[in-house]
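[1] structure for the following, please:
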Amino acid sequence: MEELSKKQLELSESKIITSICSYLQYLENMNKLIFIRNNTGCFINPKGNFYRMGKTGSPDILIFLTTNNKFATIGLEVKNFTGKQSNSQKEFQKKFEIIGGIYFLIRSLNETEKIINYAFKKDLYKLPKDFLCKTKPL
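    Below you'll find the predicted structure:
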């Protein structure tokens, strides 16, 4: 298992998402895929009105690409090295996978690059279950 540095353990989800989105934007600019940063949450405006954005439990990033001549939709839920999925995220993952979506819990840009590179070279629908090795915190 990969040992993690203190710096890696302290990386925030937002910094990980930012690095992943920069990488995906580069690939989108090359017409290799399309991605959406799926912002979710809620807020109350100054007038006291409540607004909800996105669907509860949906992944942070959605990616649309072709893998082995098949269209694929990928959901990336980004967590830092100690983060865990909420129950609503687990439920969304189940539904997403039932309809043919490919879902990953991602903790780094490196994991995202491995998935995308695999998708461009092979069939992402046949990805080995242990493709992303688990990382072991210090």
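
[2] give me the number of residues near the closest residue to V78 other than its chain neighbours?
    Leaving aside its sequence neighbours, V78 sits nearest to D60 (CB to CB, 6 or more residues apart in numbering; 4.6 Å). Placement of C-beta: from N, CA and C, glycine included. As a burial measure, D60 scores 23 neighbours (other CB atoms under 10 Å).

[3] ok, F120 - contacts?
    When contacts are counted by CB atoms under 8 Å, 6 or more residues apart in numbering, F120 touches K32, L65, T67.

[4] quick check, nearest of those residues to L76?
    Taking CB to CB as the measure, L76 lies nearest L65 of these, at 12.3 Å.

[5] isn't there a strand covering that closest one?
    Yes. The assignment for L65 by DSSP: H, G, I helix; E, B strand; the rest coil puts it in a strand.

[6] re the thing from before, got a list of what the residue nearest to V78 touches?
    E13, I17, R37, N38, L76, E77, V78.
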